[in-house]
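Enquirer: Below are the sequence and a predicted model; questions follow.
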Amino acid sequence: MQKLIAIEGIDGSGKTTLANLLKEHLESKMKLDVIVTREPFSEDIIKLIEKIGWNDPILLVLLFAADREIHVNWLSKIKDADLIILDRYYFSSIAYQGALGVDEQWIKMVNSYFPKPDMVILLDLPIEVAISRIKNDKFNFEEKIKSLAKVREKYLKLAKEYNFYIVDASKDKNEVLEQAIKIIQKNLF
Ligand SMILES: Nc1ncnc2c1ncn2[C@@H]1O[C@H](COP(=O)(O)OP(=O)(O)O)[C@@H](O)[C@H]1O
Ligand SMILES: Cc1cn([C@H]2C[C@H](O)[C@@H](COP(=O)(O)OP(=O)(O)O)O2)c(=O)[nH]c1=O
């Protein structure tokens, strides 16, 4: 049976890095066929979000949900993988758009038809550490720090509600990978 793991966390928490390391490890050591995919997914919707979405949180929820529908349709055609690793899923909408003040129940309802993952791994770390990993010239530090702190809080609340597995993402890449492998081996395979 194909399994679905979602990796969630604030920007710079190491989701993409972990997803790729997990694929490498699970394919070479456990002989599993693994697909890694990410949200936002559709180039067309990403363009639309860039053009009209960022200042309108309600529209963002709807655009990310539209993107997710395209993503999930694409995923449903994959038949030959043992494991699909999602680098972000609908919990990102609950955490990020929830942090912008959109009613969480409504965000959950909009996303209620999407398949539930078998496991969610939350990469948790202090905001300052995440920011130091991703800072670049265009970064609006104060704004970003404020919003990411709220997003982190939302994620930690969701972790209790949905039984996420929390990994300490401030550790180095190999330790994060080790923690994630332990969780997956113990609870999924
Ligand atoms: N555990 C880690 N320790 C230090 N740096 C890391 C770690 N994981 C990822 N990074 C680095 O931090 C940056 C953001 O990582 P990335 O995987 O793209 O995060 P995300 O997908 O969550 O935004 C990259 O430069 C990556 O190499
Ligand atoms: C999927 C999703 C992403 N987002 C945000 C989170 C990120 O800031 C941005 C996606 O950018 P991305 O570069 O994929 O994030 P990361 O740096 O974590 O790899 O979109 C939402 O606000 N809602 C959503 O539903």
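Expert: Cool, the structure landed. Ligands and ions are numbered 1, 2, ... in the order given.

Enquirer: Any figure for the gap between the residue nearest the centre of the chain and ligand 2?
Expert: For the chain, Arg88 is the residue whose C-alpha lies nearest the centre (CA atoms, centre = their mean; 2.1 Å). Arg88 sits 4 Å away from ligand 2, going by CB to the nearest ligand atom, to the nearest Å. Every C-beta, even on glycine, is put in place using the N, C-alpha and C of the backbone.

Enquirer: same question, Gln2
Expert: Distance, Gln2 to ligand 2, by CB to the nearest ligand atom: 21 Å.

Enquirer: what's the answer for Arg152, then?
Expert: On the measure of CB to the nearest ligand atom, Arg152 and ligand 2 end up 12 Å apart.

Enquirer: Contacts only, for that residue.
Expert: Shown in contact with Arg152 (CB atoms under 8 Å, 6 or more residues apart in numbering): 10, 124, 127.

Enquirer: Inside strands: which ones of these?
Expert: Asp124 (DSSP state E).

Enquirer: just the contacts of Arg152 now: which is nearest ligand 2?
Expert: Ile10 (7.0 Å; CB to the nearest ligand atom).

Enquirer: For that closest one, give its distance to ligand 1.
Expert: According to CB to the nearest ligand atom, Ile10 stands 7 Å off from ligand 1.

Enquirer: Repeat that for Leu22.
Expert: Leu22 is 12 Å from ligand 1, by CB to the nearest ligand atom.

Enquirer: same question, Leu156
Expert: From Leu156 across to ligand 1, the span is 16 Å (CB to the nearest ligand atom).

Enquirer: Which residue, other than its chain neighbours, is closest to the residue nearest to the centre of the chain?
Expert: Glu39 (4.3 Å; CB to CB, 6 or more residues apart in numbering).
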